[in-house]
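K.L.:
Pasting the sequence and the predicted model now:
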Amino acid sequence: MSIFKKAIVIYNPECGKRKNHKHVPELIHHLSVLGFDLDTHTIEDFDQVDGPITDACRQKVHSIFILGGDGTVNRCIQSISTEGYRPNIGIIPLGTSNEFAKYLGMPNQLLEIIPLIGRQTIKPIDIGKIGNRYFGNIAAAGWLTDITYNTSPTLKSWLGELAYCLSFFRSYLFTKQTSQISITLSENKMLQDLSLFLIMNGNALGPFERLIDPANREDGHFHLVALRKEDKIRLFFTLFLKMARLPHKARTFEYQSVRSVEFSFSETMPFNLDGEQVYLDNFSFEVLPSHLNVYTSN
């Protein structure tokens, strides 16, 4: 096949399970066979992402392929989202949980992604913005939301998503809940005394995907799930009932479909944006409709 589409590859060799990386040379070869003229950039840290992506956007390349985990994807989205011309984005998941790739419906078997890219199924997707930072899948703050970036990279390399499960139970049992978060939904509606919140583009969040029904979300909106401070034993059973979609009367969880909200905190705490720890000065959230074009499974 003749080469006719200029593209770049951003590859993070340090993410996820090492066994997945053996497929990278074959993946890049197949992309070339599909007709992409590729420049491959292997990054050692996220600061090396900006230059190649800025050049690619200004040269108006056809596509940017991101070979990495959620952190790599998020860092690339930061650079792409600020540009006037934004190339098509292909996510090839090499990370531990790959939540954004799950949201897009990308298969777990890496080589199965190549036919999807070959079909050129590209669609616009919404992304979120908090302050001056962007995210594709999830933003969170508060109790338990530091698990993704506090879990040992070595443990993630050996155990995959099980490493997150172990960290979750350790934090659940041995860390204190906060009650210092408030969310303003509108002029006359506010959620207060919250211990954590999640804002999600989809509902692919490990075992918690059953907390919400994706059919509830309106176009141009994200899911907001908030948790009030609660006795841990009672919370465990409430969480179990909600995930099993069984009847319960607890008002522990709040769910809203939101387009924009304002957060406030009584103490300094970081945000988790697509698995990365970020400190922000501005706590305004908004949805950017159809901001990025991505390769998807349908």
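P.N.:
Done, it's in. Residues are numbered from 1 along each chain as shown.

K.L.:
For the rest of this, base every contact and every neighbour count on C-alpha atoms.
P.N.:
Noted.

K.L.:
quick check: domain ranges of this protein?
P.N.:
5-125, 138-291 (automatic domain parsing).

K.L.:
can you give me the helices in the stretch 1-150 of the chain?
P.N.:
Residue ranges of the helices in the stretch 1-150 of the chain, as given by DSSP state H, counting those that start in this stretch, are 24-33, 50-58, 70-81, 99-103, 113-118, 147-150.

K.L.:
So which of the ones you listed is nearest Thr296?
P.N.:
helix 113-118 (7.2 Å; C-alpha to C-alpha).

K.L.:
Quick check: pLDDT value at Ile113.
P.N.:
Predicted confidence (pLDDT) for Ile113: 89.

K.L.:
Confidence-wise, which of the domains of the chain is weakest overall?
P.N.:
Ranked by mean pLDDT, the domains of the chain bottom out at domain 138-291, which scores a mean of 80.

K.L.:
returning to that earlier point: using a markdown table, please lay out the helices of the stretch 1-150 of the chain together with mean neighbour count.
P.N.:
Output for the helices of the stretch 1-150 of the chain, formatted as a markdown table (neighbours: other C-alpha atoms under 10 Å):
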| stretch | mean neighbour count |
| --- | --- |
| helix 24-33 | 15 |
| helix 50-58 | 17 |
| helix 70-81 | 23 |
| helix 99-103 | 22 |
| helix 113-118 | 16 |
| helix 147-150 | 18 |
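
K.L.:
export those to a markdown table and tack on distance to Lys232?
P.N.:
Converted to a markdown table, the helices of the stretch 1-150 of the chain look like this (distance: least, C-alpha to C-alpha, whole Å):
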| stretch | distance to Lys232 |
| --- | --- |
| helix 24-33 | 43 |
| helix 50-58 | 42 |
| helix 70-81 | 29 |
| helix 99-103 | 26 |
| helix 113-118 | 41 |
| helix 147-150 | 17 |
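
K.L.:
tell me the most buried of the domains of the chain?
P.N.:
Comparing those by mean neighbour count (mean count of other C-alpha atoms under 10 Å), domain 5-125 ranks first with a mean of 18.

K.L.:
for Lys60, what are its contacts?
P.N.:
For Lys60, the contact set (C-alpha atoms under 8 Å, 6 or more residues apart in numbering) comprises Tyr85, Arg86, Pro87.

K.L.:
picking that back up, select, out of the domains of the chain, the one closest to Gly131.
P.N.:
domain 138-291 (4.5 Å).
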